[in-house]
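Trainee: quick one, what's the 3D model for this:
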Amino acid sequence: MSLLPLFDPSLLGRAATPALEFERSDGTRLALTFGDLEARSNRLAHTLRARGLKRGDRLAFFLANRVDLIDLWLAGVKLGLIIVPTNVLYRERELRHILTDAEPTAVVTSGDLAAFIPAGVAVWDVDQLAADAAKQPADRVAVACGDQTPVSLIYTSGTTGASKGAVLTHGNFVANARTLVVDWRFTSADRYLCTLPLFHVHGLGNGIHCWLASGCHMRLTERFEHAKAAGWFEEYQPTVFFGVPAMFIRLLEIPLERAQAIGRRLRLAVSGSAPLPAEIHEKFRERYGSVILERYGMTETLMNIGNPYAAERRPGTVGLPFSHVEVKILDEVGAPVADGATGELWVRGTNVCDGYWRRPDATAAAWREGWFRTGDIGSRAADGYITLQGRRSDLIISGGFNIYPREIEEVILEQPGVREATVVGRPDPVRGEVPVAYVVVVADFDEAALKVRLGAQLASFKLPRAYVRVESLPRTALGKIQKHLLPPWKTS
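Mentor: Below you'll find the predicted structure:
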């Protein structure tokens, strides 16, 4: 089954039903029905086809949240395209790798972001596309697609820091959405507040697809803004909210009486993309009267495990495997571990992607007889609840974004005055973890200049929170840096 039959009960069957309102940063709003979304995406599909795109072609986007992004996704589904989402916080260096690897026909972006696109890449202005689409007919364009048809190429960093593209199919997204709609009891009566970025599988594969599959109403914002959050909740009165731990930490700042009123209307608050501290889980329950549902997924697999909707949502755990997912926990030699023992999580199911784009080596390393090695370390309780203990790699998760130290280290080492550098994650009360750089420097090291250079080359969430100067980096006899022996650093 492709995605379109999953969406059609809303796009066609609820054509006159209000579907979404988009809250722009300037306070203005756009309201659309499901029929409007069908017509807009049809017109855009005609436009893209007129520009030469056909089934299997890649088309990237580099956009902040806006309705045009939803139009683009739906048009891509209808034309059988492979959509390549890119993080709007990325800069030229990061974009160059992804766009060189994916080789999209073009990148759809806005005027304020176009300057970050590397030279030599075709850039299509999103507003011009919309203007061209407005002149096209609204009849549907649809190319036959099936379970195994690729629909998106989403990049996720590897342990070496080199970004790899996960090839996600229609069937992957359909399995994920169907399970979440049933397990999380979505209905057309829900109201979903979407503040997650739509370039991420959390916002796109979970949020947008649950909304379209259920036919509920959605308010979309350009980004999460904690100063506006209370007003959004009070005015829109959502029943569903998806967030990352950093968002829930900010929501704890809302005064108690207002929080309690919000919580009475909020039937489902889901946290993902980074571990949720048990302390935050409990504080949110006390303040809102709503128990956060924590779950666990990956770019390569979408959702794997989740706390149950109608049973115990256990703080500190990610819950139980979803119905479409098998999970096993193995030790270093590939043997199953006993309950309570620690091992690596392996997963298998219709949610798991087909492999990495043009990386047979990485695909072979991560898959074994249909099982995907997640690289995450965890344990299973006797009653099946799974707790994540850490990661096999040095991955840092900051505010829901994945950060791989080697990428930052390589950029730091390119700068004058730096002899050695390593980056580690350190605890942060808001973002969960933040990157901190430990550097061995020479006399002419200029920290201010280094910060400027890194800011021009890396996304803001990857920038080290601090630069700790050390005489030398602790290493093993074979030269491997022993990060656990680095001096401690505490957030201010």
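Trainee: which parts of the stretch 201-350 of the chain are strands?
Mentor: 217-221, 240-243, 268-271, 293-298, 302-306, 320-321, 325-330, 343-349 (DSSP state E, counting those that start in this stretch).
Trainee: now the angle from the fifth one to strand 325-330?
Mentor: For strand 302-306 against strand 325-330, the angle between stretch directions is 70 degrees (axes from the mean of the first three to the mean of the last three Cα atoms, to 10 degrees).
Trainee: what's strand 302-306 packed up against?
Mentor: When contacts are defined as 3 or more Cβ pairs under 8 Å, 6 or more residues apart in numbering; DSSP states H and E, strand 302-306 packs onto helix 170-183, strand 293-298, strand 320-321, strand 325-330, strand 343-349. No exception for glycine: its C-beta is placed from N, CA and C like everyone else's.
Trainee: same question, the shortest one
Mentor: With contacts defined as 3+ Cβ pairs under 8 Å, 6+ apart, strand 320-321 has these neighbours: strand 302-306.
Trainee: so which of the helices and strands packed on strand 302-306 is the most packed in?
Mentor: Ranked by mean neighbour count, these are led by strand 293-298 with a mean of 24 (mean count of other Cβ atoms under 10 Å).
Trainee: could you identify the helix or strand that succeeds the longest helix anywhere in the chain?
Mentor: Criterion DSSP state H: the longest helix present in the chain is helix 34-50. Following helix 34-50 in sequence order, the next helix or strand is strand 58-62 (DSSP states H and E).
Trainee: residues in contact with that following strand?
Mentor: 48, 53, 69, 72, 76, 81-86, 88, 90, 95, 98-99, 102-109, 113, 116-117, 126, 153, 199 (Cβ atoms under 8 Å, 6 or more residues apart in numbering).
Trainee: filter the residues you listed down to the buried ones.
Mentor: Among the contacts of strand 58-62, those buried by neighbour count (16 or more other Cβ atoms under 10 Å) are 48, 53, 69, 72, 76, 81-86, 88, 90, 95, 98-99, 102, 104-109, 113, 116-117, 126, 153, 199.
Trainee: just the pLDDT for T160.
Mentor: You'll see T160 listed with a pLDDT of 43.
Trainee: again, but for Q389
Mentor: Per-residue confidence (pLDDT) for Q389: 79.
Trainee: the spatially closest residue to it that is not a sequence neighbour: how many residues sit nearby?
Mentor: In space, Q389 comes closest to I377 once its chain neighbours are excluded; the distance is 4.7 Å by Cβ to Cβ, 6 or more residues apart in numbering. Counted with other Cβ atoms under 10 Å, the neighbours of I377 add up to 16.
Trainee: hmm, I377 is touching A341, no?
Mentor: No: applying Cβ atoms under 8 Å as the test, I377 and A341 come out as separate, 10.8 Å apart.
Trainee: now intersect the buried ones among the contacts of strand 58-62 with the strands, please.
Mentor: The strands, defined by DSSP state E, take in 82-85, 107-109, 153 from these.
Trainee: of those, closest to A259?
Mentor: Nearest to A259, judged by Cβ to Cβ, of these is P85 at 32.6 Å.
Trainee: in this structure, which residue is closest to the centre?
Mentor: In the chain, the centroid-proximal residue (Cα atoms, centre = their mean) is H200; its distance is 2.9 Å.
Trainee: which residues does stretch 405-425 contact?
Mentor: Stretch 405-425 has contacts (Cβ under 8 Å, 6+ apart) with 93, 157, 160-161, 394, 396-398, 403, 433-446, 449-450, 453-454, 457-458, 462, 464, 472-473, 481, 483, 486.
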